Structures are given as C-alpha cells and as structure tokens.
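[1] coordinates only, sequence not included:
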C-alpha cells in the first residue's frame with residue numbers, strides 16, 4: 001500500500017508543478033488574482049501548486065481555462081511528465 005501512496009503523491013506533485021509553471025510562465029496573475037477572478041480558494045490553490053492536495057477533474061478543467069491552456073494539452077503534459085510507465089495499479 002505504501003507504493004500506492006507514493007504514486008498518489010507523485011501525481012499530485014506533477015499536477016501542481018504543471019499549474020505552477022503555467023501560472024508563473026504564461027500569465028502575470030498572482031494566486032490571489034486567480035482566486036478572486038475565478039472563484040478559487042487561494043489557500044487551496046497554493047496547496048495544490050505545492051502538491052499537498054489533489055484536485056478534482058472539474059477544478060483542473062476550470063484552472064486550465066483560467067490559465068489559458070486546453071485541458072487536452074494539460075492531460076498530455078501530465079502524461080509526459082509522469083512517464084509512459086506510470087500506473088497506479090501494478091498488474
């Protein structure tokens with residue numbers, strides 16, 4: 001079971017890194033601005049970017065819109081960053 005927790009942690013960290021990179025590199029928005037303008041909790045955004053908390057598919061889609069990235073591009077980047085051999089379940 002420990003391996004599953006490590007995989008979930010990696011998944012959350014990679015998602016946070018992607019959003020953090022887009023947030024910093026492609027917008028001039030602060031976390032406070034994104035929170036206010038798009039209805040996200042600033043504290044949760046910060047925790048998500050730091051890989052501390054996971055997010056729902058709905059939240060990921062909304063964040064993609066807020067940051068000007070297509071969700072499909074985000075999913076492709078996520079798969080690329082996780083690596084082609086990444087799986088939650090060992091077969």
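    Great, that's in hand. Being a predicted model, the structure only gives us computed values, none of them experimental.
[2] Centre of the chain to stretch 74-88, how far?
    When distances are taken as Cα atoms, centre = their mean, to the nearest Å, stretch 74-88 is centred 12 Å away from the chain's centroid.
[3] Look at it and report the distance between its end residues.
    Terminal residues of stretch 74-88 lie 19 Å apart, using Cα to Cα, to the nearest Å.
[4] any idea of the mean pLDDT in whichever helix or strand residue 19 is part of?
    Using DSSP states H and E, residue 19 maps to helix 2-26. For helix 2-26, mean pLDDT is 87.
[5] Which secondary structure elements does that helix sit against?
    When contacts are defined as 3 or more Cβ pairs under 8 Å, 6 or more residues apart in numbering; DSSP states H and E, helix 2-26 packs onto helix 42-49, helix 57-67, helix 71-82. Heads up, the C-betas are built off the backbone N, CA and C, glycines and all.
[6] Show me which positions of that helix end up buried.
    Neighbour-count burial for helix 2-26, counted by 16 or more other Cβ atoms under 10 Å, picks out 7, 11, 12, 14, 15, 16, 17, 18, 19, 20, 22, 23.
[7] same deal with stretch 36-52?
    For stretch 36-52, by 16+ other Cβ under 10 Å, it's 40, 45, 46, 47, 48, 49, 51.
[8] could the residues you listed go into a markdown table alongside distance to residue 61 and pLDDT?
    Shown next, in a markdown table, are those (distance: Cβ to Cβ, whole Å; pLDDT from 0 to 100):
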| residue | distance to residue 61 | pLDDT |
| --- | --- | --- |
| 40 | 12 | 90 |
| 45 | 15 | 91 |
| 46 | 19 | 91 |
| 47 | 19 | 93 |
| 48 | 14 | 93 |
| 49 | 17 | 91 |
| 51 | 19 | 92 |
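[9] any chance of those in a markdown table, with distance to residue 87 too?
    Listed next are these as a markdown table, based on distance: Cβ to Cβ, whole Å:
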| residue | distance to residue 87 |
| --- | --- |
| 40 | 30 |
| 45 | 28 |
| 46 | 29 |
| 47 | 25 |
| 48 | 23 |
| 49 | 25 |
| 51 | 19 |
